[in-house]
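>>> Please find the sequence and the predicted model below.
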Amino acid sequence: MHVHFIAIGGSAMHNLAIALHLKGYKVSGSDDEIFEPSKSRLKKHGLLPEKTGWNPDSISSKIDAVILGMHAKANNPELIKAKELGLKIFSYPEYLYEQSKNKTRIVIGGSHGKTTITAMILHVLNYCNIAADYMVGAQLDGFDVMVKLSNNAKYMVLEGDEYLSSALDKRPKFHLYKPDIALISGIAWDHINVFPTYKMYIDQFRKFIDIIKPDGRLIYCNSDSEVKKLASEFSNKNIKLLPYEYPDYSLENNKTIVYDNNNNKYELTIFGKHNLLNLNGARLICNEIGINNEVFFDAIKHFKGASKRLEMIFSNNSIIAFKDFAHAPSKILATTSAVKEQFPDKKLYAFVELHTYSSLNKDFLLHYKGTLEKADKAFVYYNPHTLKIKKLPPVDPEYIKRSFDKNNLEVFTDSTLLFNKIKNNKTDNACLLFMSSGSFDGVNLEKFINNLYHKPSK
């Protein structure tokens, strides 16, 4: 089986390429630019293209399937050649479905928490030695790749992104997976460049529920009013509705403790109310595939989280620092609230980078009002060049201040000035929280914080 990837260097695409290679497929691919870590990982498996750029001569009738990445445009020369030859062309999610037709598909959807819930489920399955194929949106501790495909696994666990599938396929990715078991963690308007109205965005989740297979299950967050309302529309559909809310929990010495039905205590590594909701959603999924609560809690107490999801990057007696993928309003609010609740005796310094199309849109910016209220001191950074790349009009720093409606909020358009500010105002007894779907212009946060607060040994 020969599969060719157009835009093999993408974060999702290169993982699928490696997964198929490990499954024994012949894999080739191309891209006009490949960055780290994709480049090194593809090279390790002998899949890195010899040259960057598109080469229509690499497309022949000997190819069994072409997988088209989001980075590739409709006028891509390799895509045009593939269409001329009548080759089978798949988007990334379409091909994942092809690989999982005969499996029980578990699809995790929602505006937030998808990656964490998927990671929790995989962690528990791994703990129980239950084989599962998967696709998850972040690097997980103990897993080599973000995609695994096999012939024998009974289950396929899929993170269900609502963004578009490819340049040719404008359907949201999670509409293509046809779940046996589905979960919706919450709904908060995002991706306004694709779904310009809130109603359009809500409709994507309505369609997602509608494609659940007959006799399937919908597990949903009952604490989210929008999800609860949406689920109620399907009370007569031939699926089982399973709502979840917060588990019983307490905070003891900056640790989160959860309790099972028998009042047994389990100390968690993760924290935050949003993560407790994520945990309970994952628990119900695991229950549906035969894992009881005691086994689930025994496993989940060892779960450390996914990459860039409240990931601790520094800790000493005075300072603790985290980085998080939070970028949408609901995520920023949940993350800052979680850190403040977990460490109430420390001052919370929150740093937000506005990097996505939605977060830099003047109309959408108004949705950030109050999201940094829990922070003792807040900073927002954005790069004006990013606005140009996304073909958005300039945004004035004063407009951002008014949008967040946060006292003493400082806004920066130069990352060097922001990090010099942090250097020159070292603090004690504080939590530093960095939130971005970008990289603060490539700053290595771990290195920066460690250099700032490292105390040489005597």
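Alright, I've got the coordinates. Numbering: from 1, shown residues only.
>>> Just give me the residue closest to the centre of this protein.
A centroid search over the chain (CA atoms, centre = their mean) returns residue 115, at 4.4 Å, as the residue closest to the centre.
>>> That one touches residue 136, doesn't it?
Yes. Residue 115 lies in contact with residue 136 (CB atoms under 8 Å); the separation is 6.2 Å. Heads up, the C-betas are built off the backbone N, CA and C, glycines and all.
>>> The residue nearest to the centre of the chain falls within a helix, correct?
Yes. Secondary structure of residue 115 (DSSP: H, G, I helix; E, B strand; the rest coil): part of a helix.
>>> Starting from residue 288, give me the distance back to it.
Remark: distance between residue 115 and residue 288 (CB to CB, to the nearest Å) = 20 Å.
>>> domains in the protein, as residue ranges please.
Domain assignment of the chain by automatic domain parsing yields the ranges 2-87, 95-300, 311-453.
>>> before we move on, back to that, for the residue nearest to the centre of the chain, give me its contacts.
136-138, 159, 306, 309, 325 (CB atoms under 8 Å, 6 or more residues apart in numbering).
>>> Neighbours of residue 142, how many?
With neighbours defined by other CB atoms under 10 Å, the count for residue 142 comes to 9.
>>> Look up the closest residue to it, ignoring the ones flanking it.
Excluding the flanking residues, the one nearest residue 142 by CB to CB, 6 or more residues apart in numbering is residue 126, at 6.7 Å.
>>> and that neighbour, what are its phi and psi?
Here is the backbone geometry of residue 126 (degrees, to the nearest 10): phi -60, psi -40.
>>> what lines up beside the helix or strand hosting residue 411 in the sheet?
Residue 411 belongs to strand 410-412 when assigned by DSSP states H and E. With DSSP bridges as the test, strand 410-412 is paired with strand 377-381 (parallel).
>>> Okay, buried residues for stretch 159-174 please.
By neighbour count on 16 or more other CB atoms under 10 Å, the buried set for stretch 159-174 is 159-162, 164-169, 172-174.
>>> show me where pLDDT drops low in the stretch 351-458 of the chain?
Regions of the stretch 351-458 of the chain meeting the criterion pLDDT under 70 cover residues 455-458.
>>> What residues of stretch 436-447 count as buried?
436-438, 440, 443, 445.
>>> with these in mind, which one is nearest to residue 180?
Closest approach between the buried residues of stretch 436-447 and residue 180, by CB to CB: residue 437, at 30.3 Å.
>>> That closest one and residue 356 touch, don't they?
Yes. Counting by CB under 8 Å, residue 356 is a contact partner of residue 437 at 5.9 Å.
>>> what comes into contact with stretch 374-384?
By CB under 8 Å, 6+ apart, the surrounding residues in contact with stretch 374-384 are 333, 336-337, 339-340, 347-355, 359-360, 372, 394-395, 400, 404, 406, 408-413, 415, 418, 421, 433, 440-441.
>>> The stretch 251-400 of the chain: strands as residue ranges?
With DSSP state E, counting those that start in this stretch, the ranges of strands along the stretch 251-400 of the chain come out as 255-259, 265-268, 311-315, 319-324, 347-353, 377-381.
>>> Those strands: which one's closest to residue 24?
Checking the strands of the stretch 251-400 of the chain against residue 24 by CB to CB gives strand 311-315 as the closest, at 34.0 Å.
>>> For the top helix by length along the chain, enumerate the helices and strands it packs against.
If you go by DSSP state H, the chain has its longest helix at helix 273-288. Packed against helix 273-288 by the contact rule (3 or more CB pairs under 8 Å, 6 or more residues apart in numbering; DSSP states H and E) you find helix 114-127, strand 181-184, strand 216-221, strand 239-244, strand 255-259, helix 293-300, helix 329-342.
>>> Dihedrals phi and psi, residue 43?
According to degrees, to the nearest 10, the main-chain angles of residue 43 amount to phi -60, psi -40.
>>> So it versus residue 18, what's the distance?
Going from residue 43 to residue 18 by CB to CB gives 11 Å.
>>> quick one, which of these two is more surrounded?
residue 18 (23 against 12).
>>> The more buried one touches residue 45, doesn't it?
Yes. Counting by CB under 8 Å, residue 45 is a contact partner of residue 18 at 5.3 Å.
>>> Quick check: closest non-adjacent residue to residue 11.
Residue 11 sits nearest to residue 38 (CB to CB, 6+ apart), 6.6 Å away.
>>> Next: residue 195.
Closest to residue 195 by CB to CB, 6+ apart is residue 201, at 4.1 Å.
>>> Might you report the residue contacts of that neighbour?
162, 187, 189-191, 195.
>>> got the contact list for residue 1?
24-26, 64-65 are the contacts of residue 1 under CB under 8 Å, 6+ apart.
>>> And the buried ones among those, selectable in ChimeraX?
Here is the ChimeraX selection string for the buried members of those, based on 16+ other CB under 10 Å:
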select :65
